[in-house]
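Prediction below, plus the sequence it came from.
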Amino acid sequence: MASGQVLEKLRNYYFKSETEVRKWDSTQSRLVSLLTTISNILGRVPALQDSRHYGELLEFQDYQKKLLSTQLAALEELMGEAQAVLRELDIIVQNLEKTYKNAARTIQQDKRLTPAARAVIAPPVPSINQCLEGLEIVWKMHLDELLLQQALTSEMQYGRSTEEMQEVLRAATAQVNIEENKVKDLFHLIAATAEISMRSAGIWSFSLFADSACRSSLTTRRVQTTMTSAMKPKIEAEIWSDLACPWCYAGHKRITKAIEQLKTDTAADIKVTWHAFLLDPNFHKNHPTGEPIDEYITAKFGPNALAMKNRVIQSGTPDGATFSSWTWRANTFPGHRLVALAKQHGKSHQVNSLLFQASYEQGENISDLDVLIRIGKQLELPDVEEWVRSDEGSLEVLKDFSEARHLGVTGVPAFFIKSGKSQTYALSGAQPVDVFVETFDRVLKEGS
């Protein structure tokens with residue numbers, strides 16, 4: 001495993017590349033705008049050269065010559081500007097190449113990262129080699145597009161038909177060598193992988209019962225985030241959790257009770273969206289089918305583990321989280337992928353409820369794909385069997401990790417609640433029902 005210092009450098013390289021890609025997008029827009037104006041002028045030149053179009057204006061001395069000269073001077077200036085923008089794009093491509101090569105050099109200099117270690121894949125997390133390949137793909141996509149843009153700009157010249165110039169513009173706008181969705185997905189994947197790798201390296205550590213990850217501690221703070229609002233009173237709750245976290249189950253029960261009370265007391269609507277978080281990023285690789293819970297916590301926490309488990313049960317029972325048949329520590333990655341599918345259909349809260357119920361009250365192992373398929377069919381999710389038995393949703397899970405980092409999530413459950421123009425309130429841990437109710441009231445007042 002690479003050192004935390006190397007991983008931090010890698011993550012910085014990824015973010016530098018992403019910054020350069022954003023620069024490319026804005027610079028490319030400027031180039032297209034210039035080429036559009038150049039095309040318009042070139043389209044006017046033949047008409048300006050034909051004296052029949054001037055009529056009585058020909059009586060004015062040198063009018064045609066002056067007008068044509070002005071247009072050609074503007075054309076020359078715009079072509080100069082276009083060449084300058086192409087040089088800016090060239091610098092961006094050079095920076096992408098430099099960033100990729102620096103990342104490769106950093107990895108090569110870490111003696112612990114043997115060729116075999118760089119090739120290790122723990123699906124859905126890619127290998128270090130694949131991450132580097134992603135940075136290389138981004139660089140070479142933009143290099144190929146730069147060469148095309150240079151060629152297209154040179155095609156903007158007098159003598160081309162209007163149709164030919166319009167074709168050049170379409171090609172310049174299309175950026176045929178850059179797959180925007182692929183670039184975006186690569187950055188999400190690489191950023192999330194860096195985050196997971198850093199946790200694995202011990203920079204952050206999470207455990208099933210750790211106070212910093214799962215325990216119910218009230219840490220309310222205001223954060224800035226972007227969530228949409230509706231015209232009528234509406235609350236939005238974004239929640240990060242791990243299906244293997246018992247406090248997340250208790251938190252689900254408690255916020256569900258608060259939602260029921262909200263609907264009784266007010267006319268406000270609430271939209272709840274659940275996001276993925278992994279307490280143990282390597283568990284799905286080491287235990288793809290899960291592990292009996294008592295064996296797992298005893299090996300991890302020692303002789304006090306069962307007492308810790310009982311304290312969780314005692315805390316959750318009054319709110320309906322009785323843990324009546326908690327038998328498995330599941331591999332939750334497939335379950336998170338199912339949540340990603342449910343999220344597309346506005347059912348992430350419902351599917352989390354069923355997954356928690358199966359795992360903690362019915363003694364089922366939600367590592368089992370058949371269990372996940374049955375739950376998905378219960379919610380009438382489309383094509384659920386094909387989804388669960390493939391790798392669909394893996395990228396969405398990793399995107400959730402990336403977003404969690406940007407929001408500063410360091411433990412779960414983590415709740416982000418807002419309404420309209422209100423501040424966004426972050427609640428850490430399985431808060432009591434009345435804390436959720438109070439937060440709902442607060443955001444409704446601020447948002448109105």
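Thanks, I have the structure now. Worth saying up front: this structure is predicted, and the values here are computed from it rather than measured.

Could you tell me the model confidence score at the residue lying closest to Ala430 once chain neighbours are set aside?
Spatial nearest neighbour of Ala430, chain neighbours left out: Gly251 (3.7 Å); criterion: C-beta to C-beta, 6 or more residues apart in numbering. C-beta coordinates here come from the backbone N, C-alpha and C atoms, glycine included. With respect to pLDDT, Gly251 has a value of 96.

so Gly251 touches Gln431, yeah?
Yes. Using C-beta atoms under 8 Å, Gly251 is in contact with Gln431, at 7.1 Å.

okay, the two: which has more neighbours?
Gly251 (29 against 23; other C-beta atoms under 10 Å).

and the gap between the more buried one and Asp294?
In this view, Gly251 and Asp294 are 23 Å apart by C-beta to C-beta, to the nearest Å.

With Val437 instead?
35 Å.

Which one's more surrounded, the two?
Val437 (18 against 15).

What sits closest to that one if chain neighbours are left out?
Spatially, and ignoring its direct neighbours in sequence, Val437 is nearest to Ala258 (4.9 Å; C-beta to C-beta, 6+ apart).

Just give me the neighbour total for the residue nearest to Pro432 when sequence neighbours are not counted.
With C-beta to C-beta, 6+ apart as the criterion, Pro432 has its nearest non-adjacent residue at 6.6 Å, and that residue is Arg254. For Arg254, the neighbour count with other C-beta under 10 Å is 25.

Please apply the same query to Pro382.
Neighbour count for Pro382, taken as other C-beta under 10 Å: 10.

For it, give me phi and psi.
phi -70, psi 140 (degrees, to the nearest 10).

same deal with Trp240?
Backbone torsions for Trp240, taken as degrees, to the nearest 10, come to phi -100, psi 130.

My read is that it contacts Thr410, right?
No. With contact defined as C-beta under 8 Å, Trp240 does not reach Thr410; the gap is 10.3 Å.

which one of those two has more residues nearby?
Comparing Trp240 with Thr410 by neighbour count (other C-beta under 10 Å), the higher total belongs to Trp240, at 21 against 13.

Would you mind measuring from that one to Trp247?
Computed as C-beta to C-beta, the Trp240 to Trp247 distance reads 12 Å.

intersection of neighbour lists for those two?
Listed as contacting both Trp240 and Trp247 by C-beta atoms under 8 Å, 6 or more residues apart in numbering are 412-413.

and Lys23, what does it touch?
Neighbours of Lys23 in contact, by C-beta under 8 Å, 6+ apart: Ile92.

helix or strand for Lys9, which one?
Lys9 belongs to helix 4-49 when assigned by DSSP states H and E.

Quick one: mean pLDDT for that helix?
Average pLDDT, helix 4-49: 79.

Quick check: which helices or strands does the helix or strand following that helix pack against?
Next helix or strand after helix 4-49 toward the C-terminus (DSSP H and E): helix 63-109. Counting contacts by 3 or more C-beta pairs under 8 Å, 6 or more residues apart in numbering; DSSP states H and E, helix 63-109 packs against helix 4-49, helix 128-155.

Just the buried positions in the last one, please.
Going by neighbour count (16 or more other C-beta atoms under 10 Å), the buried part of helix 128-155 is 128-132, 134-136, 138-139, 141-143, 145-146, 148-149, 152-153.

what's that helix packed up against?
Partner elements for helix 128-155 (3+ C-beta pairs under 8 Å, 6+ apart): helix 4-49, helix 63-109, helix 115-119, helix 162-174, helix 180-200.

Deepest in the core, which of those helices is it.
helix 180-200 (a mean of 19; mean count of other C-beta atoms under 10 Å).

and Thr153, what does it touch?
Contacts of Thr153 by C-beta under 8 Å, 6+ apart are 31, 35, 82-83, 86, 172.

go again using 10 Å as the cut-off
Listed by C-beta atoms under 10 Å, 6 or more residues apart in numbering, the contact partners of Thr153 are 31, 34-35, 38, 79, 82-83, 85-86, 168, 172.

so where's the stretch 301-448 of the chain shaky on pLDDT?
406 (pLDDT under 70).

could you redo the last one with a cut-off of 90?
When residues are selected by pLDDT under 90, those of the stretch 301-448 of the chain lie in 301-308, 311, 391, 393-411, 420-424, 426, 428-429, 447-448.

From the chain's centroid, how far away is stretch 351-368?
26 Å (C-alpha atoms, centre = their mean, to the nearest Å).

how about that stretch: buried residues?
For stretch 351-368, using 16+ other C-beta under 10 Å, the buried residues are 351-356, 358-361, 364-368.

what's the closest residue to Thr256 other than its chain neighbours in contact with, if anything?
Among residues not flanking Thr256 along the chain, Ser353 sits closest, at 7.3 Å (C-beta to C-beta, 6+ apart). Residues counted as contacts of Ser353 (C-beta under 10 Å, 6+ apart) are 249, 252-253, 256, 274, 347, 375, 379.
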